[in-house]
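> mind folding the following:
(chains A and B)
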There are 2 protein chains.
Amino acid sequence: MKPYAEMTKEELAEEIKKLKDLYRYYQRMDLNLDMSRGKPSAEQLDLSMGMMDVLNSDSDLACEDGTDCRNYGVLTGVHEAKVLIGDMMENNPDNIIIYGNSSLNVMYDTVSRAMTHGIMGNTPWCKLDKVKFLCPVPGYDRHFAITQYFGIEMIPVPTYPGGPDMDMVEKLVSEDESIKGIWCVPKYGNPTGYSYSDETVRRFAGLKPAAPDFRIFWDNAYGVHHLYDDRQDHLIEILMACKRAGNPDLVYKFSSTSKITFPGSGIAALATSPNNLEDIVEQLKNQTIGHDKVNQLRHVRYFGDIHGLMVQMKKHADILRPKFEMVEWILDEELGGLGIGEWTKPIGGYFIYFKSLDGCAKAIVKRCKKCGVKMTPAGATWPYGKDPYDRDIRIAPSYPPVEDLRAASQLFALCVKLVSAEKIYSEMSE
Amino acid sequence: MKPYAEMTKEELAEEIKKLKDLYRYYQRMDLNLDMSRGKPSAEQLDLSMGMMDVLNSDSDLACEDGTDCRNYGVLTGVHEAKVLIGDMMENNPDNIIIYGNSSLNVMYDTVSRAMTHGIMGNTPWCKLDKVKFLCPVPGYDRHFAITQYFGIEMIPVPTYPGGPDMDMVEKLVSEDESIKGIWCVPKYGNPTGYSYSDETVRRFAGLKPAAPDFRIFWDNAYGVHHLYDDRQDHLIEILMACKRAGNPDLVYKFSSTSKITFPGSGIAALATSPNNLEDIVEQLKNQTIGHDKVNQLRHVRYFGDIHGLMVQMKKHADILRPKFEMVEWILDEELGGLGIGEWTKPIGGYFIYFKSLDGCAKAIVKRCKKCGVKMTPAGATWPYGKDPYDRDIRIAPSYPPVEDLRAASQLFALCVKLVSAEKIYSEMSE
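Below you'll find the model as predicted:
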């Protein structure tokens, strides 16, 4: 089929009629499918059921240094958990704090602490007239929700396959002292699937911020979440890069086992410089006596070491890969050559990024919803939920079974076609 | 033996000589004992080892409404956990949020949220010139650490066996709009062991604060932590009392299973009014996707219901009771009638409160430390760590084995005698 834009008005009218018939056909199917959130599927969760067996009533719940993990204490996490997560994050265990079950919570707390107490002796952000964050777009809605909640002004920065527009990042960060942070998902980004290039990471490490308390919020959520054995992205490690660039304190790096074991029952971690760690612990000691060490132990004993964890990730990949490929195959089949959208074919992470024609995303998502397929709300990948181009759609193929995905993707493609054809047709009429 | 104050100078000199000999004898024993923190003993932790068996790789990890607890979601906690903790806290499950592993963390977050966003539409505390908290003394050092960390001015309020000085609380709270909260440990208080009387609870519920965003921070840490079957304190339930008094939004009530199962691996909870809950959830949804539901399920399945939990508490009591009685017996034996201190004999909780002669607490704790017995630092039970009378000492008998406790208590009593005798002697000399 030829691109919609090259069709005659009559051809397009005919196409729209066919698409509407097909849409009505789908409506009668009573679909109830969800491609909205980056949740692991039940099959993936089953992979970790063995973790429920590693600790039992006969277990010694002491960690390697002899501390009884059943009792209070050990503010920054047990050492062997730091080693495991350090190996996962490619950081020295000494640079790591192990937290509770949610890296989002750690990020929230990090912003909250900066608001009330400032970073390393700088003015608390709540005492400043204006605080701004750079937000590479499309990005992660929950990041933007945190900064919005704290009244931080968000400035969108375009994202390309190798990372954010670094010319813009460098310029803004070096000129504007009120810019205090930037949200980054550097690897298999949410929702783009893009990974930062070596050049991007080096330019991040070499930033010369006007604000001494500017920090990079480096959410390495998908650090080991590859889809393929033979094609994997590898990033320059940001803490080390910052250290080499003479900016050791520039970055907070976050990660968790949420999409490795059980979301909500995993362990989260932060890696950063000794100066930042000291600053954080000064607060943390007022906030808690310690996080869940038994769960830290459970993870360590389950995986044994980083190899065990990587074996688990391969099993996740085996479940996820066919889902991504199913969606991509259907998008290729249904939309290839029509000139009404572009989409990524990520080799890791949890999302496919679909870019529709300008002004179509909301209508596409709405059409899907009316037909029983739930997508992430259009606009969610932008600060304040407002995509000025109305074109970015996040597809989350992880949760539904493959067969459901087939139907959901076909319906999605149909909605893209229908909305795009109608838009092009209406522009022809004008 | 007669009271030290009634001894002649010669008798006291003789006594001091004997005490010093005995102290040297203890010094040669190389003691290394800890009565400083309210930690359960290993024997108590063993009581919960069965909890490690209730979930295994064959378990269905769905909660009663069918939600898969292994995945993301359920922001405020699974329903059956709310029922169990609701029964424990004597609150409706609908009034409860289940959090992570630490009620201290919940209290910290509650203060932090009030600082950055205010309570129910009121001005964020960080925008006010002055924020004050009332701090019944002696109290819990970690409460005071939170308010100190946020720069909140702390005003000590004397505590008596039936609760804080309510005349003072009512007066201050109704007159001073900058007073935004009060820290309470209403049952088996830390460190006094006192429980609030019915009158005290009713007067709390009936407070008429000048500040609309004044809240009672009701840390019911020891709600079910009785030491005896036949002697137990029962408090009027504060949420209900506030509701009846026409002050439904006046209180945040905190609790956890930290001293029921494993400290650091338990579940914490907050109970409060629907208005407060709504206010909190508005923040919480930005902070996390949800807390550890698998651990919530683990607790529910382990205990079955509140009866199971109460059976567990009886076992804790059987371990703790002899320890409290050992310390009390030694204090009676060694210090009875000497007129150099008073101490509580609590029927619940984790602490014995020792009140020395004015100006002696620091010296006593220092003497203990030099002889290998670690006590909570003198002053810790006061805001800013400053006890103006230098007389409040918190004794934590839970952690050491009974035999260690005997030695530690004897040494403590000896140090009380020595420091007090020297003080009285020096005053005689003046």
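
> pull the contacting residues for A:Lys180.
A:Lys180 is in contact with A:Ala114, A:Trp125, A:Val131, A:Lys132, A:Phe133, A:Ile152, A:Ala211, A:Asp213, A:Phe214, A:Arg215, counting by Cβ atoms under 8 Å, 6 or more residues apart in numbering or on different chains. For glycine as for every other residue, the C-beta is placed from the backbone atoms N, C-alpha and C.

> any idea how far it is from chain B?
Distance, A:Lys180 to chain B, by Cβ to the nearest Cβ, to the nearest Å: 15 Å.

> just to be sure, that residue is in a helix?
No: read with DSSP: H, G, I helix; E, B strand; the rest coil, A:Lys180 is strand and lies in no helix.

> tell me how far the residue most central in space within chain A lies from B:Gly139.
Nearest to the geometric centre of chain A sits A:Asn190, at 3.6 Å (Cα atoms, centre = their mean). Separation of A:Asn190 from B:Gly139 (Cβ to Cβ, to the nearest Å): 45 Å.

> all helices of the stretch 101-250 of chain A, in order?
Here the stretch 101-250 of chain A has its helices, by DSSP state H, counting those that start in this stretch, at A:103-117, A:141-149, A:166-175, A:198-205, A:238-244.

> residues near A:Lys9, how many?
11 (other Cβ atoms under 10 Å in any protein chain shown).

> quick one: the nearest residue to it once chain neighbours are set aside from chain B, how far?
In space, and not counting its chain neighbours, A:Lys9 is closest to A:Met428: 5.2 Å by Cβ to Cβ, 6 or more residues apart in numbering or on different chains. Between A:Met428 and chain B the computed distance is 44 Å (Cβ to the nearest Cβ).

> next: A:Met51.
According to Cβ to the nearest Cβ, A:Met51 stands 8 Å off from chain B.

> list the contacts of that residue.
Taking Cβ under 8 Å, 6+ apart, one finds A:Thr261, A:Phe262, A:Arg298, A:His299, A:Tyr302 in contact with A:Met51.

> where's the last one, which helix or strand?
Assigned by DSSP states H and E, A:Tyr302 belongs to helix A:293-303.

> output the contacting helices and strands for that helix.
helix A:79-89, helix A:306-335 (3 or more Cβ pairs under 8 Å, 6 or more residues apart in numbering or on different chains; DSSP states H and E).

> give me the angle between it and helix A:306-335.
With axes from the mean of the first three to the mean of the last three Cα atoms, to 10 degrees applied, the angle from helix A:293-303 to helix A:306-335 works out at 80 degrees.

> any idea of the angle helix A:293-303 forms with helix A:79-89?
If you take the same axes, to 10 degrees, helix A:293-303 sits at 60 degrees to helix A:79-89.

> hmm, who's touching helix A:293-303?
Taking Cβ under 8 Å, 6+ apart as the rule, helix A:293-303 contacts A:48, A:50-51, A:54-55, A:61, A:63, A:67, A:69-70, A:74, A:77-78, A:80-81, A:84, A:98, A:101, A:257, A:261, A:265-267, A:308-309, A:312, B:262, B:264-265, B:292, B:295.

> gap between the spatially closest residue to A:Leu405 that is not a sequence neighbour and chain B?
Of all residues not flanking A:Leu405 in the chain, A:Met326 sits nearest, at 5.2 Å (Cβ to Cβ, 6+ apart). From A:Met326 across to chain B, the span is 21 Å (Cβ to the nearest Cβ).

> no more questions from me, cheers.
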